[in-house]
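Undergrad: whatever this is, show me its structure:
(2 chains)
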Amino acid sequence: KAGVTQTPRYLIKTRGQQVTLSCSPISGHRSVSWYQQTPGQGLQFLFEYFSETQRNKGNFPGRFSGRQFSNSRSEMNVSTLELGDSALYLCASSTEQGGNSPLHFGNGTRLTVT
Amino acid sequence: KNEVEQSPQNLTAQEGEFITINCSYSVGISALHWLQQHPGGGIVSLFMLSSGKKKHGRLIATINIQEKHSSLHITASHPRDSAVYICAVRGLSTDKLIFGTGTRLQVFP
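TA: Predicted structure coming up:
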């Protein structure tokens, strides 16, 4: 079975631009969650989707948004990029929503904002 | 004070040593995860616990719900165990994952 695939692996953007990151979950997994990892703040929860519905959201500004498609693939979007958005963005998939099943992580997208 | 605290922050060991990493949390939880992150960023889920003890190969994870504490043990450590180990809890009221700051482990031959 293929693992969780995140694209692109690396991305360089300029302040003020927007960016879209993609996550393809393991086949059969309907839950996708997103996380931001920075040296200063560590890992932080962004949002979680299950069956195309956002079921939970972390404490991030509205510039951070996401969605999930009918095939469970998910995208997250960051608008009006700031230098502080430079981070490793990770997604994880699981079979069930909430904390009821193990998480399978992708390798992440490293975003650099200049 | 962080809701999830890990200790130690850094750990150095000789190959073959028994290693313990601790995680304490202050919120009610529905599950606790132990994660391993190698240089380059990829994260592997090692265990998901809601009670008791789990074992996988040389790795053992325990949790004490009453004391709000979990431990990850590595027996017969090996250089390939060198990584950052992260504890994460899913809050019972928020249903969100809260992460510890991680323990950086280096195992030397």
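Undergrad: check the offset of the helix or strand where B:R90 lies from the chain's centre.
TA: Assigned by DSSP states H and E, B:R90 belongs to strand B:83-91. Averaging C-alpha coordinates over strand B:83-91 and over its chain gives two centres that are 6 Å apart (CA atoms, centre = their mean, to the nearest Å).
Undergrad: sheet partners, orientation included, of the next helix or strand after it?
TA: Next helix or strand after strand B:83-91 toward the C-terminus (DSSP H and E): strand B:97-99. When pairs are called by DSSP bridges, strand B:97-99 turns out to pair with strand B:83-91 (antiparallel).
Undergrad: touching stretch B:68-78 from outside, list them.
TA: B:13-26, B:29, B:32, B:34, B:46-47, B:49, B:58-64, B:81, B:85, B:87, B:105, B:107 (CB atoms under 8 Å, 6 or more residues apart in numbering or on different chains). Using the backbone N, CA and C atoms, a C-beta is placed for each residue, glycine as well.
Undergrad: where does the chain dip in pLDDT?
TA: In the absence of a named chain, chain A is used. Per-residue confidence for chain A (pLDDT under 70) gives these ranges: A:1, A:98-99.
Undergrad: hm, I was asking about chain B
TA: If you take pLDDT under 70 as the line, chain B has these spans: B:1.
Undergrad: for it, what lies in contact range of chain A?
TA: Contact residues, chain B versus chain A (CB under 8 Å from any CB of the partner chain): B:30-31, B:33, B:35, B:40-45, B:48, B:86, B:88, B:90, B:94-102.
Undergrad: buried ones among those?
TA: B:31, B:33, B:35, B:41-43, B:45, B:48, B:86, B:88, B:90, B:96-102 (16 or more other CB atoms under 10 Å in any protein chain shown).
Undergrad: ok, A:T95 - contacts?
TA: By CB under 8 Å, 6+ apart, the neighbours of A:T95 are A:28-31, A:101.
Undergrad: of those, which ones also sit close to chain B?
TA: Among those, chain B is touched by A:S101 when using CB under 8 Å from any CB.
Undergrad: between the contacts of A:T95, which has the most around it?
TA: A:S31 (23 neighbours; other CB atoms under 10 Å in any protein chain shown).
Undergrad: coming back round to it: make TSV from the contacts of A:T95 and add secondary structure to it.
TA: Output for these, formatted as TSV (DSSP: H, G, I helix; E, B strand; the rest coil):
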residue	secondary structure
A:G28	coil
A:H29	coil
A:R30	coil
A:S31	strand
A:S101	coil
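Undergrad: got the contacts of A:T95 as CSV, with distance to A:E52 columns?
TA: Below are those laid out as CSV (distance: CB to CB, whole Å):
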residue, distance to A:E52
A:G28, 16
A:H29, 13
A:R30, 9
A:S31, 11
A:S101, 18
